[in-house]
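A.B. asks: pasting the sequence and the predicted coordinates here, then a few questions.
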Amino acid sequence: MTDDPRPGGEPPQPRGQKGARPDTPEPAGKEYPVEAPASPSAGDGPDLPAIPETGPDDATPPTTEGGAGRKPADRKPTLPPGAGRGGAKPAGPPVRKPARPPGAPRPAAPPAARVVDPEGDGAALGLPVLSRKDFVSGADVRWCPGCGDYAVLAAVQRALPELAERKEDVVFLSGIGCSSRFPYYMDTYGFHSIHGRAPAVALGLKSTRPELDVWVVTGDGDALSIGAGHTAHMLRRNVDLQVLLFNNQIYGLTKGQYSPTSEVGKVTKSSPYGSLDHPFNPAALALGADGTFVARTLDRDPKHMQTVLKAAHAHRGTSFVEVYQNCNIFNDGAFFDFTERDSKPLRTVFVEDGQPMTYANGDKGIVLDGLRLRSADLGGAVTADDCVVYDSTDKALALLVTSQMFWDPDLPRPFGVLYREDRPTYDALLNEQVAAVTAEKGPGDLAALLASGETWTIE
Ligand SMILES: Cc1ncc(C[n+]2csc(CCOP(=O)(O)OP(=O)(O)O)c2C)c(N)n1
Ligand code: SF4
Ligand SMILES: [Mg+2]
């Protein structure tokens, strides 16, 4: 990445920043460290392999005076390990997806390939080993202090050394928004493209360079307002890439207008009397578009986010990951129900394949009552054995869980890999078709094709 020219504007200056108006764009040159948000929980999800790398995002992050007014310590949830999500460890090392579809040409091997070596013995082999720092671009990070975007950036930079063999094969594409500034901060290839159009760029790239590992970073406005059509078509086509949708239920970059995921009644500068729009449920939208991998995670649960990122990367096809992300400037606390110490155990359930859907430290569970889900107190007549055992390959269950558990106020919100399905990817099918037709008819001649048939000369 080169120095950023900042197309698409800057995130606004946070309130309370000394000497700055709340809606004044941040002056160029201001430096924020790349950090986790003001109060990421230590995470209570499945254990992950230790990540030895440290860096600037391991330091105490800055806070924003204009934020929630809560101390970081107040935000750490207390759900004990295993409660509500089974506590099982992911089996074995992360699975890398095949880099090249059948029929696609083999890319030329680089002279000195960098290898991933999670065991740490690459040095003994005399090979360079990727670390988190290899993915930090060093560009000034211009998100507001305390923004949830920092946590997602840190999680991706931590996960990639295990997932990528060569950082030169990794590409981050984005649209426009605060979240879409993500490619600047990754030391990989990247393209901060056009509002809502990252899926179109990604489809073209992945189809012509199938050996690349393509990630799309987008926001609730970028993906679900102007880019809604592109998002739906990307999902049904099942292009092999990962989509990270930063859902902060607001337009952050343009200073706080309501978005397609904002709740009814949201008061913003563009909805002074309260929004009348019924919001999208992004995960249900992805399932409705026949997406083959749908997951939801939280900026304030970095361990869970890493687990989900690795599962998304292992999936062959469009892996859609909705990340609940706090915009502490324009929509602070939108997800506190699901992240804060007191409410998180009662308001969340972390699904895991083969595990019963229990929550509230195991005191409650989800049971099937006819064709509806119901919350039940456990320990009496109903036990964990009566709860729904999650199966992410069961689409009927995924549809029910994703939909009813979003709207029903008596049910907790589900997190984790909600659905996955194996289906041929668009890029693989396209390359197979091109190879088959080329084998039958020989390589095409574009100039001859353009000059064929009826042509006109314009004078
Ligand atoms: C064609 C076009 N229309 C509108 C805009 C203004 N615009 C820039 S970002 C944005 C919304 C961003 O919201 P979201 O995707 O949720 O990203 P966030 O800033 O919240 O991360 C809008 C409407 C634009 N840049 N280009
Ligand atoms: S999403 Fe909100 S907190 Fe984050 S950089 Fe944008 S305006 Fe600032
Ligand atoms: Mg947004």
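C.D. replies: Looks like it arrived, so ask away. Numbering: from 1, shown residues only. Ligands and ions are numbered 1, 2, ... in the order given.
A.B. asks: tell me how far residue 405 lies from ligand 1.
C.D. replies: Noted for residue 405: a distance of 23 Å to ligand 1, by Cβ to the nearest ligand atom, to the nearest Å. Backbone N, C-alpha and C define where each C-beta goes, glycine included.
A.B. asks: need the helices for the stretch 301-450 of the chain, in chain order.
C.D. replies: Under the criterion DSSP state H, counting those that start in this stretch, helices of the stretch 301-450 of the chain are mapped to 302-314, 336-339, 344-347, 395-407, 426-441, 446-450.
A.B. asks: show me what contacts the residue lying closest to residue 138 once chain neighbours are set aside?
C.D. replies: What sits nearest to residue 138 in space, not counting adjacent residues and going by Cβ to Cβ, 6 or more residues apart in numbering, is residue 187, at 7.3 Å. With contact set as Cβ atoms under 8 Å, 6 or more residues apart in numbering, residue 187 has these partners: 1, 134-138, 167.
A.B. asks: shaky segments in this structure?
C.D. replies: Low-confidence segments of the chain, defined by pLDDT under 70: 1-128.
A.B. asks: could you rerun that using 50?
C.D. replies: Residues of the chain meeting the criterion pLDDT under 50: 1-8, 14-92, 95, 106, 109-113, 117, 120-122.
A.B. asks: winner for burial among the helices of the stretch 301-450 of the chain?
C.D. replies: helix 302-314 (a mean of 23; mean count of other Cβ atoms under 10 Å).
A.B. asks: on contacts alone, who are the packing partners of it?
C.D. replies: Identification of packing neighbours for helix 302-314 by 3 or more Cβ pairs under 8 Å, 6 or more residues apart in numbering; DSSP states H and E yields helix 149-163, strand 241-247, strand 293-298, strand 318-324, strand 413-420.
A.B. asks: and this protein, which residues reach ligand 3?
C.D. replies: Taking Cβ under 5 Å from the ion, the part of the chain that reaches ligand 3 is made up of 219-220, 248.
A.B. asks: residue 403 contacts residue 284, doesn't it?
C.D. replies: Yes. The criterion here is Cβ atoms under 8 Å, and residue 403 meets it with residue 284 at 5.1 Å.
A.B. asks: now do the strands in the protein.
C.D. replies: In the chain, the strands defined using DSSP state E lie at 170-174, 189-192, 213-219, 241-247, 293-298, 318-324, 348-350, 358-359, 364-369, 372-377, 413-420.
A.B. asks: pipe these into CSV and attach mean neighbour count per row.
C.D. replies: Conversion of these to CSV gives the following (neighbours: other Cβ atoms under 10 Å):
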stretch, mean neighbour count
strand 170-174, 25
strand 189-192, 18
strand 213-219, 29
strand 241-247, 27
strand 293-298, 28
strand 318-324, 27
strand 348-350, 27
strand 358-359, 26
strand 364-369, 18
strand 372-377, 16
strand 413-420, 23
